[in-house]
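J.: Sequence plus predicted model, see below.
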Amino acid sequence: MANRIFNFSAGPCTLPLPALEKAQTEFVDYQGAGMSLTEMSHRGKHYDDVHYAAIANIREVLNVPESHDVLFIQGGATLQFAMVPLNLTIDGKSAEFLNTGTWVKKAIADAEKIGPTRMIWTGEPENFTRIPGNDEYKVGEDAAYLHICGNETIGGIEYHAYPDTSAVPLVADMSSHIMSRPIDWNKLDLAFAGAQKNLGPAGLALVIINKALLEKCKDGLPAYLSYKTHAAKDSLYNTPPVFAIYMMKLTIDWVKSEGGLAEMEKRALARSGALYDTIDSSDGWYRCPVDKASRSRMNVCFRLPTEELETTFIAEALEASFSGLKGHRSVGGCRASMYNAMPLEGAEKLADFMAEFKKKNA
């Protein structure tokens, strides 16, 4: 489509064009039913097929073992900041956190309202510019779980390998890098992800939980806030976010057709590499504040010599059909978010634009 621009927004973000076009053709009259899928009963066959196909797709593409349940829960990742401690904080045990930025801090704030918490490492003194080394923290043997954010969209830092927590359950907020690389489920007991990055539109969280951990979850919670409720009803306890789950299915159909997680990882490395190479070869004119070993493949953050130049860069980039490059308001600067549906062409053209902008303004 000629009027499609390159959307570098952090989320909601660009979605696969084939998925959008498929939804467009089916939206008003779904498979000859004479009505939209969003108008149908969520107990009917049409939606039933979509729902269970979406779960099967998740299992296949993410290689989720039978030891883990796949759940769809409304409320996005933010609701999970409360659901995780509500379900997992038992017997007075502490929830532990590796504080790598904004999204872990939000999770800590909610967990503190529910039970005891411990922050066993924080990157705040270094302005959240790196992931901790394994020798910089010690997971308490009595911890209820350890919470991490796999990829911090605001700071542009990412775990490239998950911590080994021994017998302590590992909980990972994977909102902004799920579906971008293979996952070792032997290390993860609970993973959750807001949909609006690599999975589809907003309004839904994907939760993948080890069944052994699920059995230990707290009883007596309000029904909707209990993982056991959703697992027992195949995520159909109440009316699900039908359109969000339908779009997730179409998005994962696209991932499968494009080669799965191995191909998504290859593309993520190529996209981010194009921008990091441009930044690193600029003799310091462009500057990425993130430690090289912790750089995100999804969110490339960078600064220019002055804030005035950053404002000009963002404005001229938009004129050149590069949208969403303004950094988060809490940190400023520039940020290029490149999820699965961003074509390599977008990253390469942005890199060319950056080189030309430097030539004109240095």
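T.: Done, it's in.

J.: Next one: the residue nearest to Ile114 when sequence neighbours are not counted, what pLDDT does it get?
T.: Nearest non-adjacent residue to Ile114, counting by CB to CB, 6 or more residues apart in numbering: Pro85, 4.3 Å away. Yep, even glycine has a C-beta here, placed from its N, CA and C like the rest. Confidence at Pro85, expressed as pLDDT, is 98.

J.: pretty sure Pro85 contacts Asp110?
T.: Yes. Counting by CB atoms under 8 Å, Asp110 is a contact partner of Pro85 at 6.9 Å.

J.: Of these two, which one has the most company?
T.: Using other CB atoms under 10 Å as the criterion, Pro85 and Asp110 rank with Pro85 on top: 25 against 19.

J.: mind checking the SS state of the more buried one?
T.: Under DSSP: H, G, I helix; E, B strand; the rest coil, the three-state class of Pro85 is helix.

J.: What's the separation between it and Thr117?
T.: When CB to CB, to the nearest Å is applied, the distance between Pro85 and Thr117 equals 8 Å.

J.: same thing with Ala270?
T.: 39 Å.

J.: who has more neighbours, the two?
T.: Thr117 (21 against 14).

J.: And the more buried one, its phi and psi?
T.: Phi and psi for Thr117, reported as degrees, to the nearest 10, are phi -130, psi 160.

J.: On the strand side of things, show who it bridges to.
T.: With DSSP bridges as the criterion, Thr117 is bridged to Ala95.

J.: domains for this protein, by residue range?
T.: With domains defined by automatic domain parsing, the chain comprises 17-257, 260-361.

J.: Run the chain-centre distance for the last one.
T.: Put plainly, it is domain 260-361. Relative to its chain's centre, domain 260-361 lies at 18 Å (CA atoms, centre = their mean, to the nearest Å).

J.: same deal with the longest one?
T.: Domain 17-257 sits 9 Å away from the centroid of its parent chain (CA atoms, centre = their mean).

J.: start at 21 instead
T.: Happy to do that; since the first residue is 21 now, the last one works out to domain 37-277.

J.: pLDDT below threshold where in this protein?
T.: For the chain, the stretches with pLDDT under 70 are 21-22.

J.: can you pull out the strands in it?
T.: 26-27, 88-93, 115-119, 137-142, 165-169, 171-172, 177-178, 190-193, 210-214, 225-230, 319-322, 342-343, 354-357 (DSSP state E).

J.: The residue lying closest to Tyr157 once chain neighbours are set aside: what's it in contact with?
T.: Spatial nearest neighbour of Tyr157, chain neighbours left out: Trp141 (4.0 Å); criterion: CB to CB, 6+ apart. Contacts for Trp141 (CB atoms under 8 Å, 6 or more residues apart in numbering) come out as Leu118, Asn119, Pro152, Glu156, Tyr157.

J.: all helices of the stretch 121-270 of the chain, in order?
T.: With helices called from DSSP state H, counting those that start in this stretch, the stretch 121-270 of the chain shows them at 122-131, 231-236, 247-252, 262-278.

J.: Residues touching the third one, excluding its own?
T.: By that I understand helix 247-252. 89, 91-93, 103, 107, 227, 229, 234, 237, 239, 243, 257.

J.: Of the residues you listed, which pair is most distant in space?
T.: Phe92 and Asp239 (22.0 Å; CB to CB).

J.: more crowded one of the two?
T.: Counted by other CB under 10 Å, Phe92 and Asp239 do not tie: Phe92 has more neighbours, with 22 against 8.

J.: Surely that one is in contact with Asp254?
T.: No. In this structure, Phe92 is not within contact of Asp254 by CB under 8 Å, at 9.1 Å.

J.: Residues contacting stretch 75-87, please?
T.: Here stretch 75-87 makes contact (CB under 8 Å, 6+ apart) with 90, 92, 198-199, 202-203, 205, 226, 228, 230-232, 254-255, 269, 272-273, 275-276, 280-281.

J.: Sorry, slip of the keys, the one I care about is stretch 256-272.
T.: Residues contacting stretch 256-272 (CB under 8 Å, 6+ apart): 35-36, 38-39, 42-43, 57-58, 60, 62-63, 67, 70-71, 73-74, 77-78, 81, 92, 94, 199, 215, 218-224, 226, 243-244, 249-250, 361.

J.: possible to save the strands of the chain as a markdown table with distance to Ala294?
T.: Shown next, in a markdown table, are the strands of the chain (distance: least, CB to CB, whole Å):
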| stretch | distance to Ala294 |
| --- | --- |
| strand 26-27 | 13 |
| strand 88-93 | 34 |
| strand 115-119 | 30 |
| strand 137-142 | 32 |
| strand 165-169 | 25 |
| strand 171-172 | 18 |
| strand 177-178 | 17 |
| strand 190-193 | 27 |
| strand 210-214 | 25 |
| strand 225-230 | 29 |
| strand 319-322 | 9 |
| strand 342-343 | 13 |
| strand 354-357 | 10 |
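
J.: Sweet, I'm off.
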